[in-house]
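In: Mind looking at a prediction? Sequence and model below.
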Amino acid sequence: MAAAFLPTFAVAGRQGWTPPVGSSERKAIVNTLRQEVKTLHDLDVRFVITHLKVMDDWAWIQARPQSPDGKNRYEDIAALLHKSNGAWRIREIPCSEPGNPDCLGDTDYFKRLQLRFPEAPREIFPEF
């Protein structure tokens, strides 16, 4: 059985994967981003996740933060995370200013991001 499992895992790993809701991996990634929002903006939030992919200890997440009761919604957030020594750490949170070539909305943003973080696999990023 282990031999059958390994090739499937290897194929899924090359494609990137989305940790399932309730999994410890997903919770660790989301909690890292949640703590960053708390530190930067002093907000307690929950996220509606619109994109989450993981591969080779790298993750890209895009989410819509809102208050825990869902009444207040905040600006969308995205982040590149890297797992080191068993803990997820944020490596970059892109700006979202329209028309700014250094921000997430620019067509070449992910190309420039990969120049800064060449170890991050392309497969974790959304298609634009």
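Out: That came through fine. Residues are numbered from 1 along each chain as shown.
In: so where's this protein shaky on pLDDT?
Out: Along the chain, segments meeting pLDDT under 70 span 1-14, 128.
In: Tell me where it has strands.
Out: Along the chain, counting by DSSP state E, strands occupy 46-55, 58-66, 77-84, 87-92.
In: For residue 34, give me its contacts.
Out: 45-47 (CB atoms under 8 Å, 6 or more residues apart in numbering). Placement of C-beta: from N, CA and C, glycine included.
In: filter those to the buried ones?
Out: Among these, those buried by neighbour count (16 or more other CB atoms under 10 Å) are 45, 47.
In: quick one, the lengthiest helix in the chain and strand 87-92 angle?
Out: Longest helix of the chain, by residue count under DSSP state H: helix 24-41. Interaxial angle, helix 24-41 versus strand 87-92 (axes from the mean of the first three to the mean of the last three CA atoms, to 10 degrees): 50 degrees.
In: Now do the buried residues in helix 24-41.
Out: Buried residues in helix 24-41, defined by neighbour count with 16+ other CB under 10 Å: 25-26, 28-30, 32-34, 36-37.
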